[in-house]
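S.K.: My questions are about this predicted structure, shown below with the sequence.
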Amino acid sequence: MSGKRTKRGILVFAGAVVATAILLCSCQKKEVSLSLLVWEGYADPSFVRAFEEAHHCKVSASYMGSSDDLVAKLRGGSAGNYDVISPSSDVAASIAQAGLAEPLDLSKLPTYPQLSPRLRGLPLVKANGQTFGVPFMWGPNPLLYDTTVFSQPPDSWGIFWDSKYKEKISVWDDLSTLYMAAQMLGYDKPDPSQLYNLSDEQLAAVKQKLLALKPNIRKIWSTGGELTNLFENHEVVAAMGWPLMTNQLRQANFPIGETIPRENTTGWIDHLMITKASPNKELAYQFLEYMTQAQTQKKVTDVTHYTPANPGAAQYMTDAEKKGLHLDDPDAYMQRIYFWQDVPRRAKYIEIWNEVKAAP
């Protein structure tokens, strides 16, 4: 009898083990993966890991090289592959209007009222009385330079065309390069928004200006890592870049300088949006809330050196860090940046830029 009970006990125990294994397997299958399509630096483990641990999920990120890269992927039928995106101010409105983003329930984002009133007030991500994105980070497209070559910061984008820097210049594979050439031609005067509304005649002149630059271009970069490598290998001495690369090169002890020339520069306001096709909208809301909190914003600035949308991040910074991110006087700094706007004739701009790239 005892043997039967023992056998039965073994069977019961074995059954329990199998049931537990099935349950564990089921739980593992239910682990959610939050998919991002964002700019470089926006999914760094230094701040993403804490979110993964708190929400028992996995955050996987793909990176875009330009705003047009983002739009192409969303319109190409792969929108359902991503939960959260970080469009810049040049395409955020069109993404919202195209129905590719989810209108936000701001009551699910308690930190939203803490974000910069100026950034929240912009119409970039608003349509039909709804809000489709939260401001996240902002910054310029500065001129980066090797301080061993330039003893003083270059005071004009014009140095890109100086023949002494043949094959020593790099520009971004983005419409920002067109905007920069248009600034050199004075098309931003008196209204900077003209940069985003150039006529056919003006675009033709911009094309000729950039064709004249081609002999000096070593490479047209498409990722931050590419430009960082070009500087570290001493292949280029100046470039249009991002503060992210400045930060990376300084951490690598490379003598990099960053400046906004006298012509000023264009820049961007990045937003976080939840895609309309996201299968994980509640987790995506929690991610937006986490990423806009002051402490997280400080951690993002440590990686990117971009200016945070949440002014409360300043309380976690030294005075030097605040000054470096222009949080001591953000309005004055913003006046030097012509923030990207929607480009009504974007296809024409892209056509011109592709013709420049294809030219020998």
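M.R.: It's in. Residues are numbered from 1 along each chain as shown.
S.K.: So Ile217 sits against Asp173, correct?
M.R.: No - with contact taken as CB atoms under 8 Å, Ile217 and Asp173 are classed as non-touching, separated by 11.1 Å. For every residue, glycine as well, the C-beta is placed using N, CA and C.
S.K.: Between these two, which is the more surrounded one?
M.R.: Neighbour tally, Ile217 and Asp173, criterion other CB atoms under 10 Å: the higher count belongs to Ile217, 21 against 18.
S.K.: Looking at the more buried one now. What's its pLDDT?
M.R.: According to the prediction, Ile217 has pLDDT 98.
S.K.: Relative to Ser176, how far out is it?
M.R.: Using CB to CB, to the nearest Å, we find Ile217 at a distance of 15 Å from Ser176.
S.K.: Also Trp138?
M.R.: Look at Trp138 and Ser176: by CB to CB, they are 15 Å apart.
S.K.: If you drop the residues flanking it in sequence, what lies closest to Phe51?
M.R.: Residue nearest to Phe51 in three dimensions, not counting chain neighbours: Tyr290, with 5.1 Å by CB to CB, 6 or more residues apart in numbering.
S.K.: For the one you found, which residues are in contact?
M.R.: Phe51, Ala54, Thr296 (CB atoms under 8 Å, 6 or more residues apart in numbering).
S.K.: try Trp138
M.R.: By CB under 8 Å, 6+ apart, the contact list for Trp138 reads Leu119, Gly267, Trp268, Ile269, Asp270, Tyr306, Thr307, Ala309, Phe339.
S.K.: among these, which are in strands?
M.R.: With DSSP state E as the criterion, strands contain Gly267, Trp268, Ile269, Asp270, Thr307, Phe339 from among those.
S.K.: Format those as JSON lines; extra columns: pLDDT and distance to Ile85.
M.R.: Below are the ones in strands among the contacts of Trp138 laid out as JSON lines (pLDDT from 0 to 100; distance: CB to CB, whole Å):
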{"residue": "Gly267", "pLDDT": "96", "distance to Ile85": "19"}
{"residue": "Trp268", "pLDDT": "97", "distance to Ile85": "14"}
{"residue": "Ile269", "pLDDT": "97", "distance to Ile85": "14"}
{"residue": "Asp270", "pLDDT": "98", "distance to Ile85": "10"}
{"residue": "Thr307", "pLDDT": "97", "distance to Ile85": "20"}
{"residue": "Phe339", "pLDDT": "96", "distance to Ile85": "19"}
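S.K.: Going by distance to Gly76, which of those wins?
M.R.: Set against Gly76, the nearest of the ones in strands among the contacts of Trp138 by CB to CB is Asp270 (21.4 Å).
S.K.: Name all residues that make contact with the closest one.
M.R.: Asp270 makes contacts with Trp39, Tyr42, Ser86, Pro87, Ser88, Ser89, Pro135, Phe136, Met137, Trp138, Tyr306, as judged by CB under 8 Å, 6+ apart.
S.K.: Just the buried residues from those, in ChimeraX please.
M.R.: The following ChimeraX command selects only the buried members of the contacts of Asp270, with burial defined by 16 or more other CB atoms under 10 Å:
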select :39,42,86,87,88,89,135,136,137,138,306
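S.K.: Among the contacts of Asp270, which are located in strands?
M.R.: Using DSSP E, the members of the contacts of Asp270 that fall in strands are Pro135, Phe136, Met137, Trp138.
S.K.: with the residues you listed in mind, which one is nearest to Val206?
M.R.: Here the nearest of these to Val206, counting by CB to CB, is Trp138; it sits at 25.1 Å.
S.K.: Please name the bridge partners of that closest one.
M.R.: Using DSSP bridges, the beta-bridge partners of Trp138 come out as Ile269, Thr307.
S.K.: center of the protein, which residue is that?
M.R.: Trp39 (3.3 Å; CA atoms, centre = their mean).
S.K.: where does that residue fall, phi/psi-wise?
M.R.: Trp39 has phi and psi values of phi -70, psi 160 when expressed as degrees, to the nearest 10.
S.K.: And it, how far from Lys298?
M.R.: Taken as CB to CB, the span from Trp39 to Lys298 is 18 Å.
S.K.: just the helices in the stretch 1-150 of the chain please.
M.R.: In chain order, the stretch 1-150 of the chain shows helices spanning 2-29, 45-55, 67-73, 92-97, 117-120, with DSSP state H, counting those that start in this stretch as the criterion.
S.K.: now do the stretch 201-350 of the chain
M.R.: The residue ranges that make up the helices of the stretch 201-350 of the chain, judged by DSSP H, counting those that start in this stretch, are 224-232, 243-251, 281-292, 294-304, 319-324, 330-334, 346-358.
S.K.: My guess is Asp173 contacts Lys219. True?
M.R.: No - using CB under 8 Å, Asp173 is not in contact with Lys219; the gap is 9.5 Å.
S.K.: Within its local environment, how many residues does Leu175 see?
M.R.: 22.
S.K.: Now do the contacts for it.
M.R.: Under the criterion of CB under 8 Å, 6+ apart, the neighbours of Leu175 are Ser66, Ser67, Asp68, Asp90, Val343, Arg346, Tyr349, Ile350, Trp353.
S.K.: Look up how far Val356 lies from it.
M.R.: Using CB to CB, which is the criterion applied here, Leu175 is 11 Å from Val356.
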